[in-house]
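S.K.: Predicted model follows, preceded by the sequence.
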Amino acid sequence: MKQRIIFLDWLRVIACLMVMFVHACECIYSNDYSFSFPSEGAKYAVLFYQSFVRPTAVPLFLMASAFLLVPVKTDTLQFFRKRFTRVLIPLLVFLPLYAVLPALWGAQTWADAGRELLHCYVNFPVSGSHLWFVYMLLGLYLIMPIISPWLDRLSRKEELLFLGIWLFTSIFYRLRPILGGDIFGECWWNPNPTFYYVSGFAGYLVLAHFIRVHLKWDRKKIFAICIPLLALLYAVAFISADYYSTRATAPAVMEQDWQNLTPVAIGMSFALFMLFSTIVKGGDGFVYNRIVLPVSKASYGMYLMHMLILPHWFRFFDPLMCAALTVPATAIATYLSCFVISHLVGKLPFGKYIVG
């Protein structure tokens, strides 16, 4: 049996719950491309949760995958066969479900469902917008075997150079308005400007590889650096969202420092990942073997299905309690429901093709 890395299982378990907190918060304030808060209390409840979970949940998942898979050690075709079987086939199962099932409970018309069904293998349905992550992950799988030999040859300084350039690209959303719009060759006929090839989510793959290969901090140093860093950037994310919440008319403006490719997200994700890495014991304990490990194994299926379940829990809890309690109640109820379903489906003969 392959030796498991204990802290990565803990990370997946927590990151999966964080994703559900993200979407429970969005039920409070976001309606696709517009937003409003029902009250000041609801706004600050959302900011309290979202400023922590929104910038970090997706990067943590990516870094966990990269920590295990990069550099790729197997034959490229074998790597593709294994990863795409586990990730792509379940996606193909859930895409038509998200196209059709919302019509059953009145979230869309059957005519809309028919159009979504015809289009669902071109891109994710509206009700399955969280599936953007899977498309992005599949894209990263495509380049993992390509960048692996490059990472094997890089020195620590060379890898740091790349990460420095990548971190620089993460401030472009702030530079563009200051410098007057498009920068470094951006224009409508050129979607691939100067820094295009050293930007994006691939940077998290390199960051995870750098941590595994080059960063050998002890627990004392991790706590001394990462806890203050996490607290500082959380405060920045909270203050930024609070500031823009009264000045923005679109959620993208209010959420700009919550996005996954900002200095805030990169720094918070790095700090959290390092803190998780201090979990090195407990692999033979009851909690790990009976709770953490089963949830970790079911986490992909839980991610895929959770937006079919979460809105119903939100509608149940929202009239009963304030936003500060509705968000965790919705997230936790969805989490438990999805685990039970994903775990049981995973035990079926072909369950791995449904929930991964």
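M.R.: Nice, I can see it.
S.K.: Nearest residue to residue 258 in space, please, no chain neighbours.
M.R.: Closest residue to residue 258 apart from its sequence neighbours, by CB to CB, 6 or more residues apart in numbering: residue 54 at 4.0 Å. C-beta here means a position set from N, CA and C on the backbone, and glycine is covered the same way.
S.K.: burial measure for the one you found, as a count.
M.R.: 27 (other CB atoms under 10 Å).
S.K.: Likewise for residue 336?
M.R.: Residue 336: 13 neighbours (other CB under 10 Å).
S.K.: per-residue confidence averaged over the strand or helix carrying it?
M.R.: In the assignment (DSSP states H and E), residue 336 maps to helix 323-346. Mean pLDDT, helix 323-346: 97.
S.K.: Can you give me the buried ones in it?
M.R.: Using 16 or more other CB atoms under 10 Å as the test for burial, helix 323-346 gives 323-324, 326-331, 333-335, 337-339, 341-343, 345-346.
S.K.: Next: stretch 126-140.
M.R.: 127-128, 130-131, 133-134, 136-137, 140.
S.K.: next one: stretch 207-221
M.R.: Quick answer for stretch 207-221 (16+ other CB under 10 Å): 207-212.
S.K.: Restrict the helix holding residue 336 to CA atoms and write it as PDB.
M.R.: Extracted in PDB, the C-alpha atoms of helix 323-346 (Å, rounded to 0.1, in the frame of the first residue of the first chain):
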ATOM      1  CA  ALA A 323     -26.200  34.900   8.700                       C
ATOM      2  CA  ALA A 324     -23.300  34.300  11.100                       C
ATOM      3  CA  LEU A 325     -24.900  30.900  12.000                       C
ATOM      4  CA  THR A 326     -26.600  30.100   8.600                       C
ATOM      5  CA  VAL A 327     -23.200  30.000   6.800                       C
ATOM      6  CA  PRO A 328     -21.600  27.400   9.000                       C
ATOM      7  CA  ALA A 329     -24.800  25.400   9.400                       C
ATOM      8  CA  THR A 330     -25.200  25.300   5.700                       C
ATOM      9  CA  ALA A 331     -21.600  24.400   5.000                       C
ATOM     10  CA  ILE A 332     -21.400  21.700   7.700                       C
ATOM     11  CA  ALA A 333     -24.800  20.100   6.700                       C
ATOM     12  CA  THR A 334     -23.800  20.000   3.100                       C
ATOM     13  CA  TYR A 335     -20.400  18.600   4.000                       C
ATOM     14  CA  LEU A 336     -21.900  15.700   6.000                       C
ATOM     15  CA  SER A 337     -24.500  15.000   3.400                       C
ATOM     16  CA  CYS A 338     -22.000  15.000   0.500                       C
ATOM     17  CA  PHE A 339     -19.600  12.700   2.500                       C
ATOM     18  CA  VAL A 340     -22.300  10.100   3.100                       C
ATOM     19  CA  ILE A 341     -23.400  10.100  -0.500                       C
ATOM     20  CA  SER A 342     -19.900  10.100  -2.000                       C
ATOM     21  CA  HIS A 343     -18.600   7.500   0.500                       C
ATOM     22  CA  LEU A 344     -21.600   5.100  -0.300                       C
ATOM     23  CA  VAL A 345     -21.400   5.700  -4.100                       C
ATOM     24  CA  GLY A 346     -17.600   5.100  -3.900                       C
END
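S.K.: what does that helix contact?
M.R.: 16-17, 20-21, 23-25, 27-28, 38-39, 41-42, 45-46, 48-49, 294-295, 297-299, 301-302, 305-306, 309-310, 313-314, 316-318, 320-321, 351-352, 354-355 (CB atoms under 8 Å, 6 or more residues apart in numbering).
S.K.: my guess is residue 23 contacts residue 129, does it?
M.R.: No: Residue 23 is not in contact with residue 129 according to CB atoms under 8 Å; the separation is 9.6 Å.
S.K.: intersection of neighbour lists for these two?
M.R.: residue 307.
S.K.: sorry, back to before: show only the entries of the buried residues of stretch 207-221 found in helices.
M.R.: 207-212 (DSSP state H).
S.K.: Let me know the closest of the buried residues of stretch 126-140 to residue 9.
M.R.: Using CB to CB, residue 137 comes nearest to residue 9 of those, at 18.3 Å.
S.K.: can you map out the helices along the stretch 201-350 of the chain?
M.R.: With helices called from DSSP state H, counting those that start in this stretch, the stretch 201-350 of the chain shows them at 202-214, 219-245, 251-254, 263-276, 286-287, 293-317, 323-346.
S.K.: Counting by contacts, list what the strand or helix carrying residue 139 packs against.
M.R.: Residue 139 belongs to helix 132-153 when assigned by DSSP H and E. Using 3 or more CB pairs under 8 Å, 6 or more residues apart in numbering; DSSP states H and E, the elements in contact with helix 132-153 are helix 57-69, helix 76-104, helix 202-214.
S.K.: which other residues reach it?
M.R.: Applying CB under 8 Å, 6+ apart, the contact partners of helix 132-153 are 58, 61-62, 65-66, 69-72, 76, 79-80, 83-84, 87-88, 91, 123-124, 159, 201-202, 205-206, 209, 303-304.
S.K.: Just want the angle from it to helix 202-214.
M.R.: Calculated by axes from the mean of the first three to the mean of the last three CA atoms, to 10 degrees, helix 132-153 forms an angle of 40 degrees with helix 202-214.
S.K.: what's the angle from helix 132-153 to helix 57-69?
M.R.: Using the same axes, to 10 degrees: helix 132-153 against helix 57-69 is 40 degrees.
S.K.: Tell me how far helix 132-153 lies from the chain's centre.
M.R.: Offset of helix 132-153 from its chain centre (CA atoms, centre = their mean, to the nearest Å): 16 Å.
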